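Colleague: Using only what follows, build the 3D model:
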Amino acid sequence: MKRRDALKVLGSSAALVTVLPVLASGKKLALRLDKAEKLREVGGSVLLKIKDKDVLFIRTGEEVIRALDPLCPHKQCTVKYDPGQDLIICPCHGSTYTTAGKLLKGPATKSLTAFEATLSGDRIIFSMD
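Modeller: Here you go, the predicted structure:
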């Protein structure tokens, strides 16, 4: 394996290393805030790959964190958080969602899938069920 390929593999798996199981059942996971610096501030967001699935985290308040499936149900494009508008927007066809994932404007016909997430000290505790 070439050095460049090895670095790509290490870089893409870095997010997986930062996710720690909280319960033996594997239903709850924890992410340390020092591994997701953008989430330390209200309005910050980050897209991480966890268990081979992308998850969009958004810090919407001092004590509020959101975790969402970032795939737009319309054509499976990856949505982006716009902190200026405090909305989630699909860059492909313009579907718009609240930070809780609720559909505001189509062409999508369904909301984003939201996962349970809470802040606990310096960790985000979340479930992907």
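Colleague: List the neighbours of stretch 41-59 that are in contact with it.
Modeller: Stretch 41-59 is contacted from outside by 12, 15-16, 18-19, 29, 31, 36, 38-40, 60-62, 65-71, 78-79, 81, 83, 86, 88, 99, 115, 117, 124, 126, 128, using CB atoms under 8 Å, 6 or more residues apart in numbering. In short, each C-beta sits where N, CA and C put it, glycine included.
Colleague: Ok, stretch 101-111 next?
Modeller: Outside stretch 101-111, the residues that reach it (CB under 8 Å, 6+ apart) are 66, 68, 72-74, 87-88, 90, 93-98, 112-114.
Colleague: hmm, 7 Å instead?
Modeller: 68, 72-74, 90, 93, 95-98, 112-114 (CB atoms under 7 Å, 6 or more residues apart in numbering).
Colleague: Just the buried positions in that stretch, please.
Modeller: With burial defined by 16 or more other CB atoms under 10 Å, the residues of stretch 101-111 counted as buried are 101, 103, 108, 111.
Colleague: Convert the C-alpha atoms of it to PDB, please.
Modeller: Listed next in PDB are the C-alpha coordinates belonging to stretch 101-111 (Å, rounded to 0.1, in the frame of the first residue of the first chain):
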ATOM      1  CA  GLY A 101     -35.000  17.700  10.400                       C
ATOM      2  CA  LYS A 102     -38.600  18.700   9.700                       C
ATOM      3  CA  LEU A 103     -39.300  19.300   6.100                       C
ATOM      4  CA  LEU A 104     -40.200  22.900   5.300                       C
ATOM      5  CA  LYS A 105     -40.000  23.000   1.500                       C
ATOM      6  CA  GLY A 106     -39.700  20.300  -1.200                       C
ATOM      7  CA  PRO A 107     -39.400  18.700  -3.700                       C
ATOM      8  CA  ALA A 108     -38.700  16.200  -0.900                       C
ATOM      9  CA  THR A 109     -41.800  14.800   0.600                       C
ATOM     10  CA  LYS A 110     -40.400  13.500   3.900                       C
ATOM     11  CA  SER A 111     -38.400  14.900   6.800                       C
END
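Colleague: I'm done for today, thanks for sticking with me.
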